[in-house]
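Trainee: Quick one, fold the following:
(chains A and B)
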Amino acid sequence: MFEARSRPAKIGLQIIVTIMVIPYLFPLVAMVQGSLSGQGWENYARVLAVPGFALFFRNSAIIAVSTIVIVYAVSLPAAFGFSKLRIRGREFYFWLILACITLPEVVLLAPLFALASPLGLFNTYWSVIIPLAALHIPFAVLLSRNFIDGIPNELFEAARVDGANTWHAFWSIVIPLSRPIAAAIVIFTLLASWNDYLLPLVFLQDPSTETITLIPQFFVGEFNNDQTKVLASAVITAIPEVGAYLLLQRLFERGLSAGAIK
Amino acid sequence: MTEASIVKSKRVRSRIPRRTGGGASMRRRLYPLGVPWILPALAMTVGVIYFGIGYTGAASTLSWNGLTPNPPSVGGANYLRILGDPVFWQALEHTVIFFVVVFVAQTALGLIFAVLLHSKVRLAVFYKIIIFVPVVLAPAIMAPVFRQIWGVEGQINWVLGHVGLGFLEQPWLAQSSTSLGVIMSIQIWEFTGLTFVLYYAAMGQIDPAVLEAAHIDGAGNIRTLISIIWPEVRGTTVALAMLTAIGSLKTFDIPYLVTAGGPNYSTEFLGTYIFRISIPAGHVGYGAAISIVLLVVALTMAILLQATGREKKGRIR
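Mentor: Numbers count the residues shown, from 1 in each chain, chains lettered A, B, ... in the order given. Below you'll find the predicted structure:
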């Protein structure tokens, strides 16, 4: 974008970027540094030795994977229906779903509370998975409908002439062609469900069902507010997230920007 | 396998009328009934979200702690109470400030990073990773880190002291004048990466010939940024305004975990206030009334932003 032909200009650009990036690196450095103060690596050993530490990760993984599967399995057919099939009052239903994008999850707490106790959903994964899925379906429907709108109708007409029914068209045209948007749905839902804090805070009170976002709180209690151990637990929790991003860097960046490009 | 056979049998059936039927049935088969396809999505959103809104609406007319079986109805009293509640208005004000500051800062930073990293800077991948990593980290995990950094004995004050700005050292999180600024800076830290990635992708779509032509015509870097790049990425900017606005109304994790809405309500947001009122304080009825107000604000804002975004788009094309 910017032209920097001369050597000083090139060096100047490099220096500007480097200075701008320092505040982004700073908290991460402070986190690692803080986790190593006091007893040093012993902090990590103590955190890892806490019984049931792995459960937080297992619970978060179960919740994230289930939410992704539900959001994908529900949103893609809906997007196909809105985009290519005949529905009376189609735009009304579409906006009915779309309006939910604006809903903050805190609004759902009291109603979900009322619903969860008679159904016995407290301390179950469902109490987090179902509201999370419902909250993220609207955005997934919006993204994938925009995408499927871009698939030419002729393709579906040709398939029909060849004798494919709606289900077959969905299976052999929509699913393979919508892979880029599937990546977007997976990444958005993964970040939202893995990082969600409020729903687990309220509905998962039993340590064996708690998620990774409740780890800091758990360790504040466990180690009598020893900040170095809390930071060590934060570093350990961050490692899989950063690792997943580094491994799937392209998928993350493309997935997140898929909605922006047409 | 059963699925495949069902597909097959339906295929056979759908072939029969085509041989015999006329044009009308042909058209009907081109766009068949789509309702079953949207039904699961509708059931999920209506079953969870619209149920929730309905329930909240009903609860907002009650004086209820969430436990007693037959709470008395108080009509619109909860809504009247909002009008005279200084904390509610403070929370709303914080949300507006938060939106404006975070949006402006993120747009500027995201745009500059995207432009710079499109400019043949060395080690661009390395910079990209640093900017983007905060996006994948849970705010709840980073909260203790930020409490530590901005603490009285934290790294910010340490750095200030060591670069000769010791007079600026202060209890950032413990005073009303700086706490909201810290909360906003954390939000900016977390989500600049997303803004950056979106702008980076949008800039990749600009025709290089246009930029080349501008350079040949003698346009400098700043001129190119203002006159060519900025208008070209306007669609992304509008989308980001929408995302940030909705995000501001949803703000919960960072203020709740870093400052707990304090000190003296200086970092109270609608989300943290509703939570505090409904769950620990047990005023479910009043919390529900604020929830409904929050919903109305969110929807109105979304509609307004959508309308302005469309208008601008229309003007360009």
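
Trainee: So, low pLDDT: which residues of the stretch 151-262 of chain A?
Mentor: By pLDDT under 70, the low-scoring segments of the stretch 151-262 of chain A are A:259-262.

Trainee: same thing with chain B?
Mentor: B:1-32, B:309-317.

Trainee: Report the closest residue of it relative to chain A.
Mentor: residue B:34 (2.7 Å; C-beta to the nearest C-beta). Yep, even glycine has a C-beta here, placed from its N, CA and C like the rest.

Trainee: That residue - how many residues pack around it?
Mentor: Per other C-beta atoms under 10 Å in any protein chain shown, the neighbour tally for residue B:34 reads 22.

Trainee: ok, now which ones touch it?
Mentor: A:81-82, A:84-87, A:90 (C-beta atoms under 8 Å, 6 or more residues apart in numbering or on different chains).

Trainee: ok, and the closest non-adjacent residue to it?
Mentor: Once flanking residues are discounted, residue B:34 sits nearest to residue A:85: 2.7 Å by C-beta to C-beta, 6 or more residues apart in numbering or on different chains.

Trainee: cool, and residue B:225?
Mentor: Using C-beta to C-beta, 6+ apart, the closest residue to residue B:225 is residue B:115 (6.2 Å).

Trainee: Surely the one you found and residue A:17 touch.
Mentor: No: using C-beta atoms under 8 Å as the test, residue B:115 is too far from residue A:17 to be in contact (10.2 Å).

Trainee: Now name the helix or strand holding residue 148.
Mentor: No chain in the question, so chain A it is. Using DSSP states H and E, residue A:148 falls within helix A:126-149.

Trainee: switch to chain B, that's the one I care about
Mentor: Residue B:148 belongs to helix B:139-149, assigned by DSSP H and E.

Trainee: May I have that helix as CSV, with CA atoms only?
Mentor: In CSV, the C-alpha atoms belonging to helix B:139-149 read as follows (Å, rounded to 0.1, in the frame of the first residue of the first chain):
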residue,chain,number,x,y,z
PRO,B,139,-10.9,-12.0,28.4
ALA,B,140,-11.6,-14.0,31.5
ILE,B,141,-8.1,-15.5,31.3
MET,B,142,-6.4,-12.2,30.7
ALA,B,143,-8.3,-10.3,33.5
PRO,B,144,-5.9,-11.3,36.3
VAL,B,145,-3.0,-10.3,34.1
PHE,B,146,-4.4,-6.8,33.5
ARG,B,147,-5.3,-6.5,37.2
GLN,B,148,-1.6,-7.2,37.9
ILE,B,149,-0.2,-4.9,35.2
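
Trainee: for the helix holding residue A:148, the distance to its chain's centre please.
Mentor: 11 Å (C-alpha atoms, centre = their mean, to the nearest Å).

Trainee: does it come close to chain B?
Mentor: Yes: contact of helix A:126-149 with chain B (C-beta under 8 Å from any C-beta of the partner chain) involves A:130-131, A:133-135, A:137-138, A:141.

Trainee: what's the answer for stretch A:187-205, then?
Mentor: Yes: Stretch A:187-205 lies within reach of chain B by C-beta under 8 Å from any C-beta, at A:191, A:194-195, A:197-198, A:202.

Trainee: which pair in those residues spans the largest distance?
Mentor: A:191 and A:202 (20.3 Å; C-beta to C-beta).

Trainee: coming back round to it: moving C-terminal from the helix holding residue A:148, which element do we reach first?
Mentor: Next element after helix A:126-149 (DSSP H and E): helix A:153-161.

Trainee: Can you name the next helix or strand after that next one?
Mentor: Following helix A:153-161 toward the C-terminus (DSSP H and E): helix A:166-169.

Trainee: And the next helix or strand after that following helix, what does it pack against?
Mentor: Using DSSP H and E, the helix or strand that follows helix A:166-169 in sequence is helix A:175-177. The helices and strands touching helix A:175-177, judged by 3 or more C-beta pairs under 8 Å, 6 or more residues apart in numbering or on different chains; DSSP states H and E, number zero.

Trainee: Now do helix A:175-177: distance to the chain's middle.
Mentor: Using C-alpha atoms, centre = their mean, the offset of helix A:175-177 from its chain centre is 22 Å.

Trainee: quick one: which of the contacts of residue B:34 is most hemmed in?
Mentor: Neighbour max across these (other C-beta under 10 Å) = residue A:81, 29 neighbours.

Trainee: check contacts around that one.
Mentor: A:87, B:34-38.

Trainee: Neighbours of the residue lying closest to residue B:233 once chain neighbours are set aside, how many?
Mentor: Excluding its sequence neighbours, the residue lying closest to residue B:233 (C-beta to C-beta, 6+ apart) is residue B:202, at 4.4 Å. Look at residue B:202: counted by other C-beta under 10 Å, it has 22 neighbours.

Trainee: could you say which helix or strand contains residue B:202?
Mentor: helix B:176-204.

Trainee: tell me what that helix is packed against?
Mentor: Counting by 3+ C-beta pairs under 8 Å, 6+ apart, helix B:176-204 packs on helix A:7-36, helix A:249-257, helix B:86-117, helix B:124-136, helix B:139-149, helix B:234-250, helix B:253-254.

Trainee: And whichever residue of the stretch 1-150 of chain A sits closest to chain B, how close does it get to residue A:139?
Mentor: Nearest to chain B in the stretch 1-150 of chain A, going by C-beta to the nearest C-beta, is residue A:85, at a distance of 2.7 Å. Residue A:85 is 21 Å from residue A:139, where distance means C-beta to C-beta, to the nearest Å.

Trainee: do the same with residue B:215
Mentor: 39 Å.
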